[in-house]
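> I'd like to go over a predicted model; first the sequence, then the structure.
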Amino acid sequence: MGLEQYIRDIQDYPKPGIVFKDITPLLANPQAMQDCLKLLLNSLKDKNIDVVVGAESRGFFFATLLAYELKAGFVPVRKPNKLPFTTFSAEYELEYGTDTLEIHTDAITPGDRVVVHDDVLATGGTAAAVCKLVEKLGGEIVQCNFLMELSFLNGRKKLSKYDVFAPLIY
């Protein structure tokens, strides 16, 4: 489908030595966005998803579309102090630092079948933190999916107990 042509490399962002994979050209192209959504949905066929959890902030774009198409709920996982209700938090490592994510304490019902979605699988720290939060609430991780994977950062290792899908691998 040629989705690679809609991913723009930004050198030295957010700091020197990092090549940022910018998805905004993909989001700006309706056909590319539809093609990407179809690939993500096909990976979830017959998996009976109850909830799609999206990681802040670029994970929200496709997570909400997936939730709509799957007739599932959408749950945002956000940075600290962005959610208005009681939260659980998890700290994680990025390829260029550390951060914290939060989820509402009532966001997942025990036994919910959950897909975790983010735009990029890099070191796996973000997704692993999201999975930890989902499991703390009793959710079952059915799949972790991403628009792209930066395979040279070995993020799959942190997610080895989960099914992982990414249509674009760099």
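Cool, the structure landed.
> Please pull out the lowest mean pLDDT helix or strand from the chain.
strand 87-94 (a mean of 89; mean pLDDT, DSSP states H and E).
> Need the contact partners of the next helix or strand after that strand.
Later in the chain than strand 87-94, the nearest helix or strand by DSSP states H and E is strand 97-104. By C-beta atoms under 8 Å, 6 or more residues apart in numbering, the surrounding residues in contact with strand 97-104 are 53, 55-56, 75, 77-83, 85-92, 126, 129-130, 133-134, 137. Where you see a C-beta, it was placed from the backbone N, CA and C, and this is true even at glycine.
> Now do strand 97-104 against strand 87-94, angle only.
In terms of direction (axes from the mean of the first three to the mean of the last three C-alpha atoms, to 10 degrees), strand 97-104 departs from strand 87-94 by 160 degrees.
> In the protein, what residue spans correspond to helices?
24-28, 30-42, 59-70, 125-136 (DSSP state H).
> So for the last one, what gets flagged as buried?
Residues of helix 125-136 classed as buried: Gly125, Thr126, Ala127, Ala128, Ala129, Val130, Cys131, Lys132, Leu133, Val134 (neighbour count, 16 or more other C-beta atoms under 10 Å).
> At the geometric centre of the protein, which residue sits there?
Nearest residue to the geometric centre of the chain (C-alpha atoms, centre = their mean): Asp118, 1.6 Å.
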